[in-house]
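**Student:** next one to model:
(one chain, ligands or ions: 1)
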Amino acid sequence: MKTATHQSVLEGVDEALTEEREPTRAMERVVAILKREVPSYTWVGIYLLEGGELVLGPFLGKPSPHTRIPLGRGICGAAATEKQTIVVDDVNADPRYLACSLETRSEIVVPIMSGGRVLGEIDIDSDRQSAFGAADKDLLEAIASRLATTLERTPQNPAEPENHEP
Ligand code: SME
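**Tutor:** Numbers count the residues shown, from 1 in each chain. Next comes the predicted model:
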């Protein structure tokens, strides 16, 4: 279900990421846009990979008991290990699933990758079964790619250096 086109969501994300260079604030803005613009996205969060564990960063929705997920556990761990998006149409039929809320019916996890390296992932739950289709996958993979650029950009590694000394 969409109240805004996926294109307009992506434009909103682009605008937010242009304005907001600080990684945590940038992730908060992205989570807020997705939660607000797509009603079927019941829980929206971003995990960052830290020393072999996925650590929960900004999120909106009910608090999750899974604030640290080892690689190889849950849908989240599987997506990070396989380095690809995982869509689960019915979480109750997937033995990998780590429950966050009893109402959750479907889930999508999209790795945030840079040069073959997993930096983190976008995790979205829905109370609707089979809520995530090809358009959601395309949208979220485009956002993950933009977030990778933001997360890679540090003061030591600016994307657009201001000085071009010879
Ligand atoms: N369901 C996830 C755990 C995270 S919560 O949904 C927020 C999983 O199976 O990895």
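
**Student:** report pLDDT for R153.
**Tutor:** You'll see R153 listed with a pLDDT of 83.

**Student:** right, and it touches R21 too?
**Tutor:** Yes - because the distance of 6.9 Å satisfies Cβ atoms under 8 Å, R153 is recorded as touching R21. Quick note: C-beta positions are derived from backbone N, CA and C, even for glycine.

**Student:** between the two, which is the more surrounded one?
**Tutor:** Taking R153 and R21 together and counting by other Cβ atoms under 10 Å, R153 has the greater number of neighbours (16 against 13).

**Student:** separation between that one and the ligand?
**Tutor:** To the ligand, R153 is 26 Å away according to Cβ to the nearest ligand atom, to the nearest Å.

**Student:** distance-wise, check that residue relative to P95.
**Tutor:** Computed with Cβ to Cβ, to the nearest Å, the distance linking R153 and P95 is 38 Å.

**Student:** check the protein for the residue nearest the ligand and tell me.
**Tutor:** Taking Cβ to the nearest ligand atom, the ligand has its nearest neighbour within the chain at G74, 2.4 Å off.

**Student:** and that residue, what are its phi and psi?
**Tutor:** Backbone torsions of G74, given as degrees, to the nearest 10, read phi 70, psi 180.

**Student:** from memory it sits against R68, does it?
**Tutor:** No - counting by Cβ under 8 Å, R68 is not a contact partner of G74; they are 10.9 Å apart.

**Student:** who in this structure is up against the ligand?
**Tutor:** 43, 45, 64, 66, 69, 74-76, 97-98, 100, 107, 123, 125 (Cβ under 6 Å from any ligand atom).

**Student:** how about the strands in this structure?
**Tutor:** 43-50, 53-60, 68-70, 86-88, 106-114, 117-126 (DSSP state E).

**Student:** strand partners (parallel or antiparallel) of the last one?
**Tutor:** Partner strands for strand 117-126, per DSSP bridges, with pairing direction: strand 43-50 (antiparallel), strand 106-114 (antiparallel).

**Student:** now the angle between strand 53-60 and the shortest one, please.
**Tutor:** It stands for strand 43-50. Relative orientation of strand 43-50 with respect to strand 53-60: 150 degrees, computed using axes from the mean of the first three to the mean of the last three Cα atoms, to 10 degrees.

**Student:** pull out the buried positions in strand 43-50.
**Tutor:** Counting neighbours by 16 or more other Cβ atoms under 10 Å, one finds that the buried residues in strand 43-50 are W43, V44, G45, I46, Y47, L48, L49.
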